[in-house]
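J.: predicted model follows, preceded by the sequence.
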Amino acid sequence: MSFQQEIRINPRTQAEIDAERAEAALHQPTLSYAQVTAAAAKRIENLAAASVGGGVGAVYQERAVGAYLMWHDLTKGTHSSADNERLSRLAGMPEPLK
(Lines give C-alpha, C1' and ligand atoms only; values in the text may rest on other atoms or scores of the structure.)
Protein backbone atom coordinates (compact mmCIF):
# COMPACT_ATOMS: atom_id res chain seq x y z
CA MET A 1 0.00 0.00 0.00
CA SER A 2 1.36 3.38 -0.89
CA PHE A 3 0.51 6.71 0.63
CA GLN A 4 0.64 10.02 -1.14
CA GLN A 5 1.71 13.15 0.59
CA GLU A 6 0.57 16.53 -0.57
CA ILE A 7 3.40 18.98 -0.90
CA ARG A 8 2.49 22.60 -1.33
CA ILE A 9 4.81 25.30 -2.44
CA ASN A 10 2.72 27.83 -0.54
CA PRO A 11 1.18 25.97 2.41
CA ARG A 12 -2.23 27.11 3.61
CA THR A 13 -2.33 29.22 6.71
CA GLN A 14 -4.49 28.33 9.70
CA ALA A 15 -6.79 31.21 8.75
CA GLU A 16 -7.29 29.71 5.28
CA ILE A 17 -8.01 26.28 6.76
CA ASP A 18 -10.52 27.82 9.20
CA ALA A 19 -12.20 29.72 6.35
CA GLU A 20 -12.53 26.48 4.35
CA ARG A 21 -14.09 24.72 7.32
CA ALA A 22 -16.51 27.60 7.92
CA GLU A 23 -17.54 27.54 4.24
CA ALA A 24 -18.11 23.78 4.37
CA ALA A 25 -20.20 24.13 7.54
CA LEU A 26 -22.53 26.54 5.74
CA HIS A 27 -23.49 23.76 3.34
CA GLN A 28 -24.33 21.21 6.02
CA PRO A 29 -28.04 20.47 6.24
CA THR A 30 -29.74 21.60 9.43
CA LEU A 31 -33.05 20.45 10.82
CA SER A 32 -35.34 22.29 13.17
CA TYR A 33 -36.71 20.83 16.38
CA ALA A 34 -40.10 20.40 14.69
CA GLN A 35 -38.55 18.52 11.74
CA VAL A 36 -36.56 16.19 14.00
CA THR A 37 -39.59 15.54 16.19
CA ALA A 38 -41.90 14.89 13.22
CA ALA A 39 -39.40 12.46 11.67
CA ALA A 40 -38.94 10.64 14.98
CA ALA A 41 -42.71 10.42 15.56
CA LYS A 42 -43.28 9.01 12.07
CA ARG A 43 -40.51 6.41 12.50
CA ILE A 44 -41.74 5.41 15.96
CA GLU A 45 -45.33 5.06 14.70
CA ASN A 46 -44.22 2.85 11.79
CA LEU A 47 -42.06 0.66 14.00
CA ALA A 48 -44.75 0.38 16.68
CA ALA A 49 -47.31 -0.67 14.04
CA ALA A 50 -44.93 -3.38 12.81
CA SER A 51 -44.35 -4.63 16.35
CA VAL A 52 -47.88 -6.05 16.73
CA GLY A 53 -48.02 -9.83 16.90
CA GLY A 54 -45.03 -10.86 19.00
CA GLY A 55 -42.12 -12.89 17.63
CA VAL A 56 -40.25 -10.68 15.20
CA GLY A 57 -42.51 -7.84 16.33
CA ALA A 58 -40.46 -7.57 19.51
CA VAL A 59 -37.51 -6.46 17.40
CA TYR A 60 -39.60 -3.64 15.95
CA GLN A 61 -40.70 -2.64 19.44
CA GLU A 62 -37.06 -2.39 20.50
CA ARG A 63 -36.33 -0.29 17.42
CA ALA A 64 -39.21 2.03 18.30
CA VAL A 65 -37.70 2.50 21.75
CA GLY A 66 -34.30 3.11 20.10
CA ALA A 67 -35.81 5.80 17.86
CA TYR A 68 -37.32 7.46 20.93
CA LEU A 69 -33.99 7.32 22.76
CA MET A 70 -32.20 8.89 19.78
CA TRP A 71 -34.80 11.68 19.59
CA HIS A 72 -34.48 12.23 23.35
CA ASP A 73 -30.68 12.52 23.11
CA LEU A 74 -30.79 14.82 20.08
CA THR A 75 -33.28 17.20 21.67
CA LYS A 76 -32.10 16.97 25.27
CA GLY A 77 -32.57 20.27 27.03
CA THR A 78 -34.87 21.64 24.31
CA HIS A 79 -37.70 19.13 23.99
CA SER A 80 -41.14 19.88 25.34
CA SER A 81 -42.58 17.66 28.04
CA ALA A 82 -45.67 17.09 25.85
CA ASP A 83 -43.53 15.78 22.97
CA ASN A 84 -41.47 13.70 25.38
CA GLU A 85 -44.58 12.07 26.83
CA ARG A 86 -46.20 11.56 23.42
CA LEU A 87 -43.18 9.92 21.81
CA SER A 88 -42.41 7.73 24.81
CA ARG A 89 -46.02 6.54 24.81
CA LEU A 90 -45.86 5.82 21.05
CA ALA A 91 -42.68 3.79 21.62
CA GLY A 92 -44.35 1.78 24.36
CA MET A 93 -42.20 3.10 27.19
CA PRO A 94 -43.70 2.77 30.67
CA GLU A 95 -42.83 6.41 31.34
CA PRO A 96 -40.87 9.16 29.57
CA LEU A 97 -37.22 9.78 30.32
CA LYS A 98 -36.41 12.90 32.31
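T.: Great, that's in hand. Numbering: from 1, shown residues only.
J.: hey, which helix or strand in this protein has the poorest pLDDT?
T.: helix 14-26 (a mean of 87; mean pLDDT, DSSP states H and E).
J.: quick one, helices of the chain?
T.: Listed in chain order, the helices of the chain (DSSP state H) span 14-26, 33-50, 57-74, 81-90.
J.: quick one: which of those helices is nearest Leu97?
T.: Ranking the helices of the chain by proximity to Leu97 (Cβ to Cβ) places helix 57-74 first, at 5.3 Å. Where C-beta positions appear, they are placed from N, C-alpha and C, glycine not excepted.
J.: what's next to stretch 68-82, contact-wise?
T.: Stretch 68-82 is contacted by residues 33, 36-37, 40, 44, 83-84, 87-88, 90-91, 93, 96-97 when judged by Cβ atoms under 8 Å, 6 or more residues apart in numbering.
J.: before we move on, the earlier item: just the buried positions in the least confident helix or strand of the chain, please.
T.: Along helix 14-26, not one residue counts as buried under the neighbour rule (16 or more other Cβ atoms under 10 Å).
J.: cool, thanks, signing off.
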